[in-house]
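Q: need coordinates for the following:
(chains A and B)
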Amino acid sequence: MSELTHASTQKRFIGGQLLGSSQLVLGAILAVLCIAISIAAPQFYSEANIIAILRQCALVLIVASGMTMLIITAEVDLSVGASLAFVGCIGMAVLNSTHSLALGMLAALAFAGGVGLFNGLVVTRLRVNSLIATIGTMMMLQGGVYLFTREAVQNHNQLASFTDLGAGYVGAVPVPVILAALIFVVAYVTLRFTTLGRYLYAVGANEKAVRLSGLRSERLKLLAFVVTGLCVGVAGMILSSLMNAGQPTAGRGFELTVIAAVILGGTSLLGGRGSLFGTLLGVLVLKVIDNGIIILGWNQDLQMVVPGIVIILATYLDIIRNKANVR
Amino acid sequence: MSLASTASAKDQPSMLARLFARQELALLVCLILVLAFFSITVENFFSVRNMTNVLGQASLALTAGIGCAIVFISGEVDISIGSLLATIALPLIIIMNDTNSLLLGVGGALLFGLIIGVVNGYLVAYAGINSLIVTLGTMFIMRGGVYLYTGQRAIPDDASLDSFIALSDGRLFNIVPYSAVIAIALLVAFGYMMQHRPFGRQIYAVGGNQEVARLAGYDVRRVKFICFIISALLATVAGIILAARVGSAQHTAGLNFEFQVVAATVLGGVSLAGGIGSLTGMALGVLILQFLSNGLRGLGLPTEWQLVITGMIIIAAVAFDEAKRRRANGG
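A: Numbers count the residues shown, from 1 in each chain, chains lettered A, B, ... in the order given. Here you go, the predicted model:
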């Protein structure tokens, strides 16, 4: 098996991206986790539990889809957690005053997209390092949301369509999971099968070469920031629907979970390398661990410790595999 | 600094231009402007009491900022320092409660900090894992570990040693808080190391161009390894000061602290790309943000506004710096 992948990665590196080295490691980790947990707790494979896992994956996957694109272009956005909370509050406030899900959703998307646009402009026009720029935006949003509302924005008119956004089902599948799947597929197809996707990889791999070949690398990066923002908009509305309120304290540490999932999926922080399929696996691994800790009745604080170990370990295994391949 | 300053000396012949091109001077002007503005608008802002108070508050970020800046200059990042603050408070408080000895408590805390630094440094320098990933991971592990161990409750300092309390309340000659004295002493010592010792030059060289540094015969891995240990030990000192100030080991201590320190360090002109910046710049960055937040509070603005304004200033400062650098490089 290892020889087979060894040969294929050397011959066709692009083809290796679908099931690259890190995905293989990750898939194995996921399989081991699922088997181990289901032996210890058979209820792991119950329908209710699987749906619970998928629902928890949905929020992270939605934002991680945008974040994967962004990190592939060699930028990062740390403001998504703070934005998530702000978006929920704004969406809920608009919903309360207009009684229209469409307008609430529009406001949420406009705000989150605006935040992404702002981040993108600061990074591409003012040339501020994205780590710093988005820490700055994070601070502004964290402060701003408390200036906007000191307490949770309650859901006043209980629109059925809004409640369905977080808690509804189509058949047996929760609505958030369907939304996440849709966004994931669109992002996946864009990255893998379109010229735009290839440009995004190119910008991350070698921005100078992209600019010299006549493409506007700034536009591509800007686009990735806006897409990430819009994903936050969708996730923010789902979250406020699930909580039945816009919580200014929501989303603390969410940015780190999302970035952890993307990195775990093998997307390089240096840009130009990574895949959405890996991100999906990364999200699944993190959430299966979370779920396992709960159903095994372990201390929930382990939900912070274990992902930390997994991120470092998975990256290390990836490095070892790469070294072995080179040899 | 040696590499950067010799380069700029060649590019800019005029002494005056060279002075103004220096990051530190621009920052000093900013600091003076901030001080002047709040001295006029806020009563009692420019009093010895308030100035020294702010200095005491700034001592945490100053101390940890030294390590953060050194790691940045070596071309890496360390975002685990916030969680480290909470982690090392545990051995500190527990050992002090058991033995009634400040020395043993501090020793235990430093030993813990050393171990964390060795782990971070080993994983980055020798295992070759991206430092953002490593320190993101250890940040999660440490915070989760503290939650696990404490059950999300604070552990109070039962020993209440006078020497420990003096760390937060005590003032040298009844004027300068001891915490600020510690921070300034460390700043001077490490500033001297960075500018005048071979090891400091090695750090700049490694961060400036790793390949060149390696060819010049520097042990790049060892330099980075030691930088992470320095960072962890300095964050430990900051954690000890914080524990003294709150009188307990708080499981939430240092949440978002890493972002504040990173922001101040970058504001101080220390580049994330490595090889550029100075500890003086970092210290000025910390002081600007601290006086700003103190002054805004004096104006009666809610703390949320401080966050918003700090965020804007960080972006503006880095953008301004970047524009200046591009102009210097001819577009």
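
Q: residues touching the residue most central in space within chain B, list them.
A: Nearest to the geometric centre of chain B sits B:G65, at 0.9 Å (CA atoms, centre = their mean). Residues counted as contacts of B:G65 (CB atoms under 8 Å, 6 or more residues apart in numbering or on different chains) are B:V261, B:A264, B:T265, B:G268, B:M282, B:A283, B:G285, B:V286. Where C-beta positions appear, they are placed from N, C-alpha and C, glycine not excepted.

Q: got a pLDDT number for it?
A: For B:G65, the pLDDT comes out at 94.

Q: low-confidence ranges in chain B?
A: Where chain B drops to pLDDT under 70, the residues are B:1-22, B:330-331.

Q: biggest separation within the contacts of B:G65, which pair?
A: B:V261 and B:A283 (11.9 Å; CB to CB).

Q: more neighbours: those two, which one.
A: B:V261 (31 against 26; other CB atoms under 10 Å in any protein chain shown).

Q: which element follows the helix or strand hosting B:N294 toward the C-terminus?
A: Using DSSP states H and E, B:N294 sits within helix B:279-298. Next along the chain after helix B:279-298, taking DSSP H and E as the criterion, comes helix B:303-328.

Q: ok, that following helix near chain A or not?
A: Yes: using CB under 8 Å from any CB of the partner chain, helix B:303-328 reaches chain A at B:303-308, B:310-312, B:314-315, B:318-319, B:322-323, B:326.

Q: the stretch 51-200 of chain A: strands as residue ranges?
A: Along the stretch 51-200 of chain A, counting by DSSP state E, counting those that start in this stretch, strands occupy A:153-154, A:169-170, A:173-174.

Q: flag every residue of the stretch 1-150 of chain A that's near chain B.
A: A:122, A:126-129, A:131-133, A:135-140, A:142-144, A:146-147.

Q: would you check that A:G282 makes contact with A:V262?
A: Yes: at 6.4 Å, A:G282 counts as touching A:V262 under the criterion of CB atoms under 8 Å.

Q: which residues do the two both contact?
A: A:A64.

Q: quick check: closest non-adjacent residue to B:Q210.
A: B:V220 (5.7 Å; CB to CB, 6 or more residues apart in numbering or on different chains).

Q: count the residues that sit near the one you found.
A: Residues near B:V220, counting by other CB under 10 Å: 19.

Q: for B:A235, what are its contacts?
A: B:T63, B:A64, B:G67, B:I81, B:L84, B:L85, B:I88, B:G113.

Q: what residues does the stretch 51-200 of chain B put near chain A?
A: Residues of the stretch 51-200 of chain B that fall close to chain A, judged by CB under 8 Å from any CB: B:77, B:123, B:127-130, B:132-134, B:136-141, B:143-145, B:147-148, B:152.

Q: give me the buried subset of those residues.
A: By neighbour count, with 16 or more other CB atoms under 10 Å in any protein chain shown, those hold B:77, B:123, B:129-130, B:132-134, B:136-141, B:143-145, B:147-148 as buried.

Q: sorry, back to before: nearest to chain A among the contacts of B:G65?
A: B:T265 (9.7 Å; CB to the nearest CB).

Q: secondary structure class for that closest one?
A: Assigned state for B:T265: helix (three-state reduction, DSSP: H, G, I helix; E, B strand; the rest coil).

Q: which residues touch B:G145?
A: Contacts of B:G145 (CB under 8 Å, 6+ apart): A:V305, B:T87.

Q: repeat that with 10 Å
A: A:D301, A:L302, A:M304, A:V305, A:G308, B:S83, B:A86, B:T87, B:L90, B:T138 (CB atoms under 10 Å, 6 or more residues apart in numbering or on different chains).

Q: equivalent analysis for A:T134, please.
A: Counting by CB under 10 Å, 6+ apart, A:T134 makes contact with A:70, A:75-80, A:82-83, A:115, A:118-119, A:122-123, A:128, A:141, A:225, A:228, A:255, B:311, B:315.

Q: which ones among these map onto helices?
A: A:70, A:80, A:82-83, A:115, A:118-119, A:122-123, A:141, A:225, A:228, A:255, B:311, B:315 (DSSP state H).

Q: so which of these is the closest to B:N174?
A: Once CB to CB is applied, the member of the ones in helices among the contacts of A:T134 that ends up nearest B:N174 is B:G311, at 36.8 Å.

Q: from what I can see the residue nearest to B:Q210 touches B:G128, true?
A: No: taking contacts as CB atoms under 10 Å, B:V220 lies outside contact range of B:G128: 11.2 Å.

Q: follow-up on the earlier one: among the ones in helices among the contacts of A:T134, which pair sits farthest apart?
A: Taking CB to CB, no two of the ones in helices among the contacts of A:T134 sit farther apart than A:L70 and B:G311, at 19.5 Å.

Q: same drill for the two, tell me which one is more crowded.
A: A:L70 (34 against 25).

Q: can you show me the CA trace of stretch B:178-193 as PDB?
A: Extracted in PDB, the C-alpha atoms of stretch B:178-193 (Å, rounded to 0.1, in the frame of the first residue of the first chain):
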ATOM      1  CA  TYR B 178       8.300  45.800  41.800                       C
ATOM      2  CA  SER B 179       6.600  44.100  38.800                       C
ATOM      3  CA  ALA B 180       7.700  47.100  36.600                       C
ATOM      4  CA  VAL B 181      11.200  46.900  38.100                       C
ATOM      5  CA  ILE B 182      11.400  43.200  37.100                       C
ATOM      6  CA  ALA B 183      10.100  43.900  33.600                       C
ATOM      7  CA  ILE B 184      12.500  46.800  33.000                       C
ATOM      8  CA  ALA B 185      15.500  44.800  34.300                       C
ATOM      9  CA  LEU B 186      14.600  41.900  32.000                       C
ATOM     10  CA  LEU B 187      14.100  44.300  29.100                       C
ATOM     11  CA  VAL B 188      17.600  45.900  29.700                       C
ATOM     12  CA  ALA B 189      19.300  42.500  30.000                       C
ATOM     13  CA  PHE B 190      17.700  41.000  26.900                       C
ATOM     14  CA  GLY B 191      18.000  44.200  25.000                       C
ATOM     15  CA  TYR B 192      21.700  44.000  25.700                       C
ATOM     16  CA  MET B 193      21.800  40.400  24.600                       C
END
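
Q: return the distance of that stretch from the chain's centre.
A: Relative to its chain's centre, stretch B:178-193 lies at 11 Å (CA atoms, centre = their mean, to the nearest Å).

Q: next up, the contacts around residue 288.
A: Unless you meant another one, I'm taking chain A. So A:V288 contacts A:I29, A:L30, A:L33, A:C34, A:I37, A:F44, A:I53, A:Q56, A:C57 (CB under 10 Å, 6+ apart).

Q: right idea, wrong chain: chain B
A: B:I288 neighbours (CB under 10 Å, 6+ apart): B:27-28, B:30-35, B:58, B:264, B:267-268, B:310, B:313, B:317.
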